[in-house]
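Undergrad: Whatever this is, show me its structure:
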Amino acid sequence: QVQLVESGGGLVQAGGSLRLSCVASGDIASINTMGWYRQAPGKQRELVASITSGRNTNYADSVKDRFTISRDNARNTVYLQMNSLKPEDTAVYYCNAEVKSWAEVRLGRRGRVYWGQGTQVTVSS
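TA: Now for the predicted structure:
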């Protein structure tokens, strides 16, 4: 079993910054892509940013040049540095990771995608 736990959300004024963290734990042999998604009230969940195990990154157009995703493979952790926050960034932010467990390695199975429980980010105008 694998768990993802996010932290770092909160309330911030427009123009401010927050740093989100997500730690993966459990039966982990390898982690491929890790990412951050967000869901605002009444809207669909959307990709914010993702990073591969080789540190190739991908960003939503709405956050380019403001957000930076990074990861620490030794700590199974992914970060999202959010600068110049806007009220439209308000949402629940979810961590996501493609994980292969040692059990799946032994059985020759593919890994699975796991999600964190979400952390609220609120940006006031």
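
Undergrad: alpha carbons only for contacts and neighbour counts from here, please
TA: OK.

Undergrad: measure the residue most central in space within the chain to residue 113 for me?
TA: Centroid-nearest residue in the chain: residue 36, 2.8 Å away (criterion: CA atoms, centre = their mean). Residue 36 sits 13 Å away from residue 113, going by CA to CA, to the nearest Å.

Undergrad: Report the set of residues contacting both of these two.
TA: Both residue 36 and residue 113 are contacted by residue 96, under the criterion CA atoms under 8 Å, 6 or more residues apart in numbering.

Undergrad: Would you indicate which residues of the least confident helix or strand in the chain by mean pLDDT are buried?
TA: In the chain, no helix or strand scores lower on mean pLDDT, DSSP states H and E than helix 102-107, which sits at a mean of 91. Buried residues in helix 102-107, counting neighbours by 16 or more other CA atoms under 10 Å, are found at 102, 104.

Undergrad: Just the C-alpha atoms of the helix or strand just after it, please, in PDB.
TA: Next helix or strand after helix 102-107 toward the C-terminus (DSSP states H and E): strand 112-115. Presented in PDB, the C-alpha positions along strand 112-115 are these (Å, rounded to 0.1, in the frame of the first residue of the first chain):
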ATOM      1  CA  ARG A 112      -0.500   2.300 -10.200                       C
ATOM      2  CA  VAL A 113      -1.500   5.900  -9.800                       C
ATOM      3  CA  TYR A 114      -2.100   7.200  -6.300                       C
ATOM      4  CA  TRP A 115      -3.600  10.400  -5.000                       C
END
